[in-house]
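Asker: Give me the fold of what follows.
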Amino acid sequence: MYLTVILVIVGFLLLIYGGDRVCCGASAIAMRLHISQFVIGMTIVAISTSAPELITSIVAALDNHQEIVLGNVIGSNLVNIGLAGGLVALIKPFDIPFRIEEVPFFCLISCIFGILILISELTAFEGILLCLLGFLYIIYVCRLDRRTLYPQKDRIVKKITKNIHLGRAFGTFFWGIGLLLVGAKIVIYYSIAIANKMEWSDSLVGFTIIAIGTSFPEIITSLIASFRGYGSICIGNIIGSNIFNILIVAGTSACICPLRIENRFRLFGIPFFVVLTSIMGFFLAVRRTIDRFNGLILFMLYLVSFYFIMN
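Answerer: Residues are numbered from 1 along each chain as shown. From the prediction side, this is the model:
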């Protein structure tokens, strides 16, 4: 049992390091191709920090453990809001001096996703629609950024990226992908071994061990951003990662095999998921700040959801 736990931890370390390599490689590629920092932050960084969830979910779907996928998506999004958002705000409150156009979309997508799961299993057709919506969202962000570009900023970006070696950036990116694949395989295999000994279902494995472990990049990124006074980066990372989890992670996995989830998640997981998303959306859209009291609300709601789902 102890050796199994150690191997799971090793798998998570590979996921975290692999995610970091993917993030560094992708950011270098984007900078070298003169893509702006806004697009990098809202798409590549958010996607890269969600890469562990994506690869783990794809591996789980290919191994016919489809209940792990939705448990992972719901659990990761709750962790992002309750821990990466709520717990960080308890440590250091932050204001959000950034555009709020993404917040209604963030809440709407979460509600639609919850309804789809409550109605029935997530099919390949719905998975294709989610992926398509994800790509359209990325295009929207890029087009929105294109309208705000200035020649001076373009010159600055070209000067910064002159010495970035594109081949090395691609090498770092694919090295990270390889680490993610190996780490995901280890985490899935040995997490299921632990779950079998504890008589847990696949959904609970995804919601607890895998969701918390694969959300470490978001938590660490949010902590660093908060302590450095970049509250907008923290929230942008959470919103981007949650949107990516719903549209791309769940959508891609549903294209591989239909996704279903057990009844306890229908009764508790989805309602808490929608409630926490709506509350965070209210804080961002109306109050434009998350202070310690707001962070306490989000953190306590996450703990309550964890208690009900586990029992």
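
Asker: Does residue 137 touch residue 106 like I think?
Answerer: No: using C-beta atoms under 8 Å, residue 137 is not in contact with residue 106; the gap is 10.1 Å. C-betas here are computed from N, CA, C, even on glycine.

Asker: Quick one: the strands in the stretch 151-300 of the chain, in order.
Answerer: Ranges of strands within the stretch 151-300 of the chain are 289-290, based on DSSP state E, counting those that start in this stretch.

Asker: so where's it uncertain?
Answerer: Segments of the stretch 151-300 of the chain classed as low confidence (criterion: pLDDT under 70) are 151-164, 217, 221, 224-225, 228-233.

Asker: Show me which positions of stretch 124-131 end up buried.
Answerer: Neighbour-count burial for stretch 124-131 flags 126-127, 129-131 (criterion: 16 or more other C-beta atoms under 10 Å).

Asker: before we move on, what about stretch 281-288?
Answerer: Under 16+ other C-beta under 10 Å, the buried positions of stretch 281-288 are 281, 283-284.

Asker: Report the distance from it to the chain centre.
Answerer: From the chain centre to the centre of stretch 281-288 is a distance of 20 Å (C-alpha atoms, centre = their mean, to the nearest Å).

Asker: Stretch 270-279 too?
Answerer: The chain centre lies 16 Å from the centre of stretch 270-279; the measure is C-alpha atoms, centre = their mean.

Asker: List the buried residues of it.
Answerer: Within stretch 270-279, the residues that count as buried by 16+ other C-beta under 10 Å are 270, 272-274, 276-277, 279.

Asker: a markdown table for the buried residues of stretch 124-131, including pLDDT and secondary structure?
Answerer: Below are the buried residues of stretch 124-131 laid out as a markdown table (pLDDT from 0 to 100; DSSP: H, G, I helix; E, B strand; the rest coil):
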| residue | pLDDT | secondary structure |
| --- | --- | --- |
| 126 | 91 | helix |
| 127 | 92 | helix |
| 129 | 93 | helix |
| 130 | 93 | helix |
| 131 | 92 | helix |
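
Asker: out of these, who's nearest residue 188?
Answerer: residue 127 (19.5 Å; C-beta to C-beta).

Asker: residues in contact with the closest one?
Answerer: For residue 127, the contacting residues are 250-255, 259, by C-beta atoms under 8 Å, 6 or more residues apart in numbering.

Asker: Out of those residues, name the ones that lie in helices.
Answerer: Taking DSSP state H as the definition of helices, these contribute 251-255.

Asker: quick one: which of those has the most company?
Answerer: For these, the largest neighbour count, defined by other C-beta atoms under 10 Å, is 29 neighbours, found at residue 253.

Asker: how close does that residue get to residue 66?
Answerer: With distances taken as C-beta to C-beta, to the nearest Å, residue 253 is found 7 Å from residue 66.

Asker: Could you tell me which residues touch both of those two?
Answerer: With C-beta under 8 Å, 6+ apart, residue 253 and residue 66 have common neighbours 60, 259.

Asker: How many residues are close by residue 262?
Answerer: Residues near residue 262, counting by other C-beta under 10 Å: 16.

Asker: From residue 127, how far out is the residue lying closest to it once chain neighbours are set aside?
Answerer: In this structure, residue 262 finds its nearest non-sequential neighbour in residue 203, 4.8 Å apart by C-beta to C-beta, 6 or more residues apart in numbering. Between residue 203 and residue 127 the distance is 18 Å, computed by C-beta to C-beta.

Asker: what's the answer for residue 54, then?
Answerer: Distance from residue 54 to residue 127, by C-beta to C-beta: 13 Å.

Asker: Check the spacing between residue 295 and residue 227 real quick.
Answerer: Distance from residue 295 to residue 227, by C-beta to C-beta: 14 Å.

Asker: likewise residue 206?
Answerer: Taking C-beta to C-beta, one finds residue 206 at 30 Å from residue 227.

Asker: Check residue 29 too.
Answerer: 28 Å.

Asker: More neighbours: which of those two?
Answerer: Between residue 29 and residue 227, residue 29 has the larger neighbour count (other C-beta under 10 Å), namely 18 against 13.

Asker: Can you give me the neighbour number for the nearest residue to that one once chain neighbours are set aside?
Answerer: Excluding the flanking residues, the one nearest residue 29 by C-beta to C-beta, 6+ apart is residue 169, at 4.7 Å. Using other C-beta under 10 Å, residue 169 has 20 neighbouring residues.
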